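# Sequence and computational prediction follow.
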Amino acid sequence: MSQPDMFGAPVDAQAPAAPLTPADEAARLREALHAHAHRYYVLDAPSIPDAEYDRLFQALQALEAAHPELRTADSPTQRVLGQVLDGFASVRHVVPMLSIRTETDTEATGAEAFDARVRRELALLEDAPPVDYAAELKFDGLAINLRYERGVLVQAATRGDGENGEDVTQNIRTVGQIPLRLQGPADAWPAVLEVRGEVYMRRDDFERLNERQRERGEKTFVNPRNAAAGAVRQLDPAIAAQRPLSFFAYGLGEVQGWAIPPTHSGLLDALAAFGLPVCAERTVAHGASGAQGLVAFHQAMGARRDQLPFDIDGVVYKVNSRALQEQLGFVTREPRWAVAHKYPAQEQLTQVEGIDIQVGRTGKLTPVARLKPVFVGGVTVTNATLHNLFELRRKGVRVGDTVIVRRAGDVIPEVVGVLRSEPPAPRAPYVPNFRMPRHCPICASTVVRERDEVNHRCTGGLFCAAQRKQAVLHFAQRRAVEIEGLGEKLVDQLIDGGLVRTLPDLYKLGLMKLAALDRMADKSAQNILVALEKSKLTTLPRFLFGLGIRHVGEATAKDLARHFGSIDRIMDAPEDQLLAVRDVGPVVAKSIRTFFDQAHNREVVEQLRAAGVSWAEHEPSAEADAATLPLAGKTLVLTGTLPTLGREEAKALIEAAGGKVAGSVSKKTHHVVAGAEAGSKLEKAQALGLSILDEAGLLALLAAPAGQPPAGTVPPAPGNPDGSEG
Ligand code: IVH
């Protein structure tokens, strides 16, 4: 018998007692692969190691090769297939794909006006009960219609003009998050279910993709939406498969043989139960406070917009009752029951006043456009990166040009292109008015560019103060070990004054030396020492990221830490072992190897450890999969102010231990961590009888070994295996 694992996903635990027929075996493998893919892509909580998934996948492939008649359209092996097309076939939408009206008044009055309009159109009297609204995000991607017949994905089409779209099925099949077959019992599947939603690209995926394109000297994408649109309309499915896409469902097209839930929020829940990704950032604004609830959602999401992993351009409010939606109907091409409230644009026009050179941590010279200040993505931007000389030339940027500047999330602002006259003037040849300097503007060392490299570099190495400063700032940043208060000005002084040459020097700083610095009061010197002390307790991914290894960003650092579990194993891993890590390719593997092959870099790691920098480690990989971590599969909610841990810190610790942090309390919450001034979340947790912890309780939980780990896995070894004190 195949046993469900501890999370309920059917797993290939033991070989079945009686031999299965090939057909049963194929069905069993498909079932397991669907369940694991759902956990991996949609729930973001894998239940088996990648290698185990690959093993099941290959077993199914082999079986299908031997018995081609067993190959089904919804088989997980059938995601990447299909041929290069000449063009896309046209698809007529049975139910037209509409757009939403945009409400420009983003104040409370805007939401109130929407509510008033809905009530008027429903001919509701003053004293009639209030209307409920569902509020959700307006994803910045492209609309897609997924057609499931008897539970199986049979077609995916773009919106097109709303009446006719394009058949992009073979590209959409490559999107791991989109189920090829619905979850749940087959008798619950509708005869026809068209799911509408947005295909988008996450910001980190977008950055990674552009980084890859840049490295290869290939065309970069202007923004995640364009990258996603390009991938969906890619004629070669093999290329589409390499573009990391995601999906959120938000509505319906044609439906047959299904009792549609009576509310929009209920519909989204039902779609999630079918295994479709539905964004958790949504709410229902009830009753008299309806309009206020909508405005509160708009504001709360606006404040968190930068922290979301994907771009949104606003929020959408929808009348929650489907019966009322039907009663309200449509005007021209827009439903009367929905409205979008937009946020300030993340792209704006401004002028390039000059092009400066910045020297980075790895000696890379980056041309940076000095801009006429412009308000974009919620902040005033005065500088924007041009990445390298080739990007600058490809975009044809010149001093004096009007350019499009983009700032989204915490990503550094970027010049995405030059505004061209419309219609385009006969293309005058591009004559750049900027040259790359031959000598480093900081240390005057020679600037070189290696063959096949797009970047110019200063050859000064750690002789170059700019590189040393950047290395320290990188290590000290919030996303690395976080040394609060160690900003640019202080680092300038520390490096220029010769107090800090390498990272471990930071931990040798004393009160005397610090307080003697320019404009440094005793109090702030003391604060820096406390911050340094605090930074010593970190996590392996933060530490690894903080070392500033070329090509090792946050995501890669996390993957490496998860895979190897310890810094020593990473330092010693040969390239082929590094290549086994998700998303680590030859360039990254080589860079990691090169870094740790240099004795002085290992020395830095040793000295930092000797200085007391520490983190929890665990056994390597297959095993290091999420299931063995102390908080694997657990959802926690943070509320109130904790005595020592900041919110982000607590979140990072929980995530490093395999847990998830949710924004709101529900029956599914495992623990609520409450600090001072905890409010309604605590009350709700009490009402639901949930486990409530204080900071000490959380720390104890983090240090505890996981519950009974699944068979064949190794329990985690919390703490520092080399026995060094934290
Ligand atoms: S509902 C009948 N919900 O916005 C209403 N659309 O202007 C149909 N969009 O093309 C759309 N997030 O691509 C809806 N949560 C959301 C959305 C959303 C993004 C896009 C969609 C559509 C456009 C409508």
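That came through fine.

# so who does the residue nearest to residue 139 when sequence neighbours are not counted touch?
With CB to CB, 6 or more residues apart in numbering as the criterion, residue 139 has its nearest non-adjacent residue at 3.9 Å, and that residue is residue 198. For every residue, glycine as well, the C-beta is placed using N, CA and C. Counting by CB atoms under 8 Å, 6 or more residues apart in numbering, residue 198 touches 139-144, 247-248, 250.

# Just send those back as JSON lines, with distance to residue 552 and secondary structure too.
Shown next, in JSON lines, are the contacts of residue 198 (distance: CB to CB, whole Å; DSSP: H, G, I helix; E, B strand; the rest coil):
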{"residue": "139", "distance to residue 552": "30", "secondary structure": "strand"}
{"residue": "140", "distance to residue 552": "28", "secondary structure": "coil"}
{"residue": "141", "distance to residue 552": "28", "secondary structure": "coil"}
{"residue": "142", "distance to residue 552": "32", "secondary structure": "strand"}
{"residue": "143", "distance to residue 552": "36", "secondary structure": "strand"}
{"residue": "144", "distance to residue 552": "34", "secondary structure": "strand"}
{"residue": "247", "distance to residue 552": "28", "secondary structure": "strand"}
{"residue": "248", "distance to residue 552": "30", "secondary structure": "strand"}
{"residue": "250", "distance to residue 552": "36", "secondary structure": "strand"}
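
# Could I get these in TSV, plus columns for pLDDT, distance to the ligand and neighbour count?
Formatted as TSV, the contacts of residue 198 follow (pLDDT from 0 to 100; distance: CB to the nearest ligand atom, whole Å; neighbours: other CB atoms under 10 Å):
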residue	pLDDT	distance to the ligand	neighbour count
139	97	4	25
140	94	7	19
141	94	7	24
142	95	6	18
143	96	3	20
144	98	8	26
247	98	11	26
248	98	7	23
250	98	4	23
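
# any idea which element residue 692 lies in?
Assigned by DSSP states H and E, residue 692 belongs to strand 691-693.

# Out of the contacts of residue 198, which is nearest to residue 276?
Using CB to CB, residue 247 is the member of these that lies nearest residue 276, at 7.7 Å.

# my read: that closest one touches residue 143, true?
No - the criterion here is CB atoms under 8 Å, and residue 247 misses it with residue 143 at 10.9 Å.

# Spell out which residues are contacts of both of those two.
With CB under 8 Å, 6+ apart, residue 247 and residue 143 have common neighbours 197-198.

# What residues does the stretch 151-300 of the chain have near the ligand?
159, 198, 250-251 (CB under 6 Å from any ligand atom).

# at 5 Å instead, please
Counting by CB under 5 Å from any ligand atom, the residues of the stretch 151-300 of the chain close to the ligand are 198, 250.

# In the helix or strand harbouring residue 52, which residues are buried?
If you go by DSSP H and E, residue 52 is part of helix 50-66. Residues 50, 52-53, 56-57, 59-60, 63-64 are the ones in helix 50-66 that count as buried (16 or more other CB atoms under 10 Å).

# what's the burial count for residue 666?
Burial measure for residue 666: 12 neighbouring residues, criterion other CB atoms under 10 Å.

# The ligand contacts on the protein?
98-100, 136, 138-139, 143, 198, 250, 316, 335.

# now these as TSV including secondary structure?
Listed next are the residues of the chain next to the ligand as TSV, based on DSSP: H, G, I helix; E, B strand; the rest coil:
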residue	secondary structure
98	coil
99	coil
100	coil
136	strand
138	strand
139	strand
143	strand
198	strand
250	strand
316	strand
335	strand
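
# Identify the farthest-apart pair in those.
139 and 335 (17.4 Å).

# now, among the contacts of residue 198, which is nearest to residue 167?
When the contacts of residue 198 are compared for distance to residue 167 (CB to CB), residue 144 wins out at 11.2 Å.
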